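Engineer: this is a predicted model, with the sequence first.
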Amino acid sequence: DEAQQIYEIRMQLEASAAAACAQKATPAAIEALNEALAAIAEAHSRHSSIDALRATNTFYEAMFLTGGHTIAWEVVQRLHGRISRLRAMTLASDGRQSAGHAQLSEIVTAIAARDADRAASACRQHVEGAARLADALLAARPG
């Protein structure tokens, strides 16, 4: 139940931040998002979960702050420990790294195209996929 609530909160905050980011992004902000994406991919290639989580946090921080969603970012930071535990669990699953990276890339593509609706939709799809995976993983845990 707590995980579901966290994903619902993430979906609302991240979709809104992605849309705002698409409306306000400068070329430098888009470059920062692409650099974070590259860092995520590089961390996954080295099988470094810690570095992947750090790079993912950098990605989201850039997206939220570029969109001017500073209060929403503070809320996400308050949930950071819980989000990171869920993110680490889902990232360790087969296929999630490549699927997640492709979805984050779609978010950046939409932001670069200044398409707020597409950015929000891509963000919702990304979070929905992570939520479904987390739900399945949590249901399969013993006890």
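Structural biologist: Perfect, I can see it now. Numbering: from 1, shown residues only.
Engineer: how about Gly68, phi and psi?
Structural biologist: With angles defined as degrees, to the nearest 10, Gly68 sits at phi 80, psi 20.
Engineer: where does this structure have its least confident helix or strand?
Structural biologist: Among the helical and strand segments of the chain, the one scoring lowest on mean pLDDT, DSSP states H and E is helix 80-91, with a mean of 76.
Engineer: so which elements touch that helix?
Structural biologist: Of the remaining helices and strands, those touching helix 80-91 by 3 or more CB pairs under 8 Å, 6 or more residues apart in numbering; DSSP states H and E are helix 2-24, helix 49-66, helix 96-112, helix 116-140. (C-beta placed from N, C-alpha, C; glycine too.)
Engineer: and of these, who's closest to Ala36?
Structural biologist: Ranking the helices and strands packed on helix 80-91 by their distance to Ala36 (criterion: CB to CB) puts helix 49-66 first, at 3.8 Å.
Engineer: wait, His126 sits on His101?
Structural biologist: No: applying CB atoms under 8 Å as the test, His126 and His101 come out as separate, 10.1 Å apart.
Engineer: so between the two, which is more surrounded?
Structural biologist: When His126 and His101 are compared on other CB atoms under 10 Å, the one with more neighbours turns out to be His126, at 22 against 16.
Engineer: ok, the more buried one - contacts?
Structural biologist: Taking CB atoms under 8 Å, 6 or more residues apart in numbering as the definition of contact, the neighbours of His126 are 14, 100, 103-104, 106-107.
Engineer: and Ala52, by the same measure?
Structural biologist: 40, 43-44, 91, 97.
Engineer: so can I have JSON lines of those residues showing distance to Glu2?
Structural biologist: Written out in JSON lines, the entries for these read as follows (distance: CB to CB, whole Å):
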{"residue": "Ile40", "distance to Glu2": "25"}
{"residue": "Ala43", "distance to Glu2": "27"}
{"residue": "His44", "distance to Glu2": "27"}
{"residue": "Leu91", "distance to Glu2": "19"}
{"residue": "Gln97", "distance to Glu2": "24"}
